[in-house]
Each structure stands twice: as C-alpha cells, then as structure tokens.
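[1] Any chance you can model this:
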Amino acid sequence: MKIPQINKQDLIILPLEKSETLPSDWYTEEEFFRFEKEIIFQNEWQYAGHISQLEKPGDFFLLEAAANPLIVIKGDDEVIRGFYNVCRHRGGPLAFEDGNCRMLQCKYHGWTYKLDGSLRGVPRFDRVDLFDKKDYGLVPVEIDFWEGLIFIRLSKGDKALSSLFKGITERISPNKLDKKMFYTRVKYEVKCNWKTYVDNYLEGYHLPYVHPELCDILDVKEYITETAEYHSLQRSLTKELGEFYKNDGSVFYYFVYPNFMLNILPGRLQTNVVLPLERNKSLVIFDYLYDDISANALEKIKADIDYSDKVQQEDIQICEHVQKGLESKAYHKGRFSVECEAGVHHFQSLLKRSYKAHLNSTL
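    You can find the predicted model right below:
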C-alpha cells in the first residue's frame, strides 16, 4: 500500500478553538482515498443491517465493505453469521440479491454450502486429488450486535463494538432500538468524498441556509453537540412534529466513527452509512425502521420517507458543490466555529488518530 505524503503538522490534534480543518488534498487525492480504505474501512466495525431483516432460518442479505462482497445469513440453528459472498472454487457469487434459501449455491459453477458456511456439494469434482471439503468452507467475517443492529469487521482488532456505543442505550431510554422493525432501504450516490458528507452531517451550522424547512421542526437555538470517545451526539428539542410522531420529544443525531449515523425520532429509527466508492464519489445508504409498519401506518411512513428524501436531496446538492470547492485552487484549509462545529472537529481528530496509529505501526 502506498502511503500518501502527509505533513506531520497536519496530524497534530489541537483544541477546537485553535484547530484548522483537514487539508483539502485529504478529500481530493487518490492516494488518501486508497489509504483510508485500507487503514479504516478494512479495520473498523461496519454497519450491516438489522436483526428484523433475518426472521427465519435461511434469510440473508448482501452488502459490501471496503469493496468486499459480503453475505449475512441466519442459520438453521438461529445463529446469524457473516461470510464473504465469494465461492472458494473460483470466486463466484453465492447470491445476487437478498433472499431466503435452504443452501447457498454458487451462481458460477454450482458449488453448494450449508447455512453455517461449510462446503457440501462440488459437482464434477470426483477425480481431483488431495481435495478435502472441510478445507473449502466459506470465509467468515467477524460479526457482533448492538441494540438489534448488526455489524461486521473484516480484520480482527482490539476495539470492542460496545465501546463505540458506550452510554447511548441509557441516553435514549426508554426508546428501544431493538424493538424497531425494518421497513425499507434507500440508496443515494453522491459526487463527493465520503468525509465531505460526514462533515456536513456533523454540524447544524448549515441548517438555516440549506434546510430552512427543517428548522420548522428542530429548535436550532437549542441545538447541542456532545462528544464521547468514538461517537458524537447532536441533539435538539423538537417543535410540533405532526401526526406521524405521536409525542413531542428529543431528536438524537448520533455519529459513530468512522461512517455510521443513527437518527432517532419518536417512533422511528433511521440509520445512515456512508461508503467510499471513489475519491469523489460515495454511496449513502439509509435504512428506515419503525415501531409500527402495519397497513394503518403506511401513509404516515411514506410521508416521513418523502420528507427525509427532500432533506437528503438538499444535502446532496450542497455536498457536491463543497467537493468542487475543495478541489479548487481557492481552498486548502479552514477554521472551525467553536459554537457549531465541535462534531466535525471530533471526527477529524479521530481520523488523525487512525492515520497516526497506522503510520506508527509501520515505523
């Protein structure tokens, strides 16, 4: 892996009031993009989905992490496992889309695997010498759970999943995320670096200028940012939320390093993950989960998703313009608003820590 040219001064973590933003080349240069995919997205916990998507044995869904195709599946023993969606024969796919099966069968040459990943059938392989099916099971990935949410990690590490979410369960009580039911997934391609999108999420500074209608729901004057070791919280008291939300209350916007968000409103959980595709292109995935997904609630759910889509389109537009600004000759570094951008500073500090940890390990 090629290490980008990094100014050691840019890795120094200063207090918010004295700190500069990340250099623009961290957002625009291919070397930084590839470096981050290697040191962050192959080593940190990545959101996969919700347990409500896997109700029955054989239920599975697909995802990608750091460009690796993966499958998460519930076994006959009710255990949820994660594997690479890669046949051990010649790399063929086991599935093209989410579904249910009794066995996983490679779509290329028909090798079959049990739901626990062990190899069962190898058509037309009887004359192959020194071949033992026990040596060719699916390659597993590390998997763990928090409040009904499923996470995977490609490389084993010392950071426990629970450490990322420390204190959140107690803070959002009595809201129970594991009781939510998965309704739908919505994907957006955004022409910006993944960090550009994360930076935008992490501050309410832009709300009056980019999302004026959102200010009719959120009390911007009471908008507060709090930071913990691996996550930050943007919190606001809500104004009247309308018929869908049966009670007024607090809105919690959690960011969990490196690329996961929890948007918690009364009656609804929206998860949001940002995946790097190219140095200036990202895939943003929203999962919508509700307390009630019965037929009686569908009209209200549609209204909620439509409104969220409008907000997302506004964010896409501004992030794509910001990316162009970062790539221009006019910009290199900026400064932070102490009042409004503590979350951005916190994220960029964690990113610097990841850079330094990897660079120190290579010395």
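[2] since we're on the closest residue to I80 other than its chain neighbours, how many residues are nearby?
    Distances taken as CB to CB, 6 or more residues apart in numbering put K74 closest to I80, at 5.3 Å, once the chain neighbours are dropped. Any C-beta I mention is one placed from the backbone N, CA and C, and that applies to glycine too. For K74, the count of nearby residues is 20 (other CB atoms under 10 Å).
[3] which stretches of the stretch 151-300 of the chain have low pLDDT?
    Applying pLDDT under 70 to the stretch 151-300 of the chain flags the ranges 217-222, 237-249.
[4] rewinding a little: just confirm the residue nearest to I80 contacts P57, I think it does.
    Yes - under the criterion of CB atoms under 8 Å, K74 makes contact with P57 at 5.5 Å.
[5] Mutual contacts of those two, please.
    Common contacts of K74 and P57 (CB atoms under 8 Å, 6 or more residues apart in numbering): L115.
[6] any chance you could map the strands in the stretch 1-150 of the chain?
    Along the stretch 1-150 of the chain, the stretches classed as strands by DSSP state E, counting those that start in this stretch are 46-50, 59-65, 68-74, 80-84, 99-100, 104-105, 112-113, 119-121, 140-146, 149-153.
[7] So which of these is the most surrounded?
    Comparing the strands of the stretch 1-150 of the chain by mean neighbour count (mean count of other CB atoms under 10 Å), strand 46-50 ranks first with a mean of 24.
[8] what packs against that strand?
    strand 59-65, strand 68-74, strand 149-153, strand 268-278, strand 281-290 (3 or more CB pairs under 8 Å, 6 or more residues apart in numbering; DSSP states H and E).
[9] nearest to L233, of these?
    With respect to L233, and counting by CB to CB, the nearest of the helices and strands packed on strand 46-50 is strand 268-278 at 14.4 Å.
[10] any idea of the angle the closest one forms with strand 281-290?
    170 degrees (axes from the mean of the first three to the mean of the last three CA atoms, to 10 degrees).
[11] returning to that earlier point: can you put the strands of the stretch 1-150 of the chain in a markdown table and add distance to Q9?
    As requested, the strands of the stretch 1-150 of the chain are arranged in a markdown table below (distance: least, CB to CB, whole Å):
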| stretch | distance to Q9 |
| --- | --- |
| strand 46-50 | 31 |
| strand 59-65 | 32 |
| strand 68-74 | 34 |
| strand 80-84 | 40 |
| strand 99-100 | 51 |
| strand 104-105 | 50 |
| strand 112-113 | 51 |
| strand 119-121 | 52 |
| strand 140-146 | 35 |
| strand 149-153 | 32 |
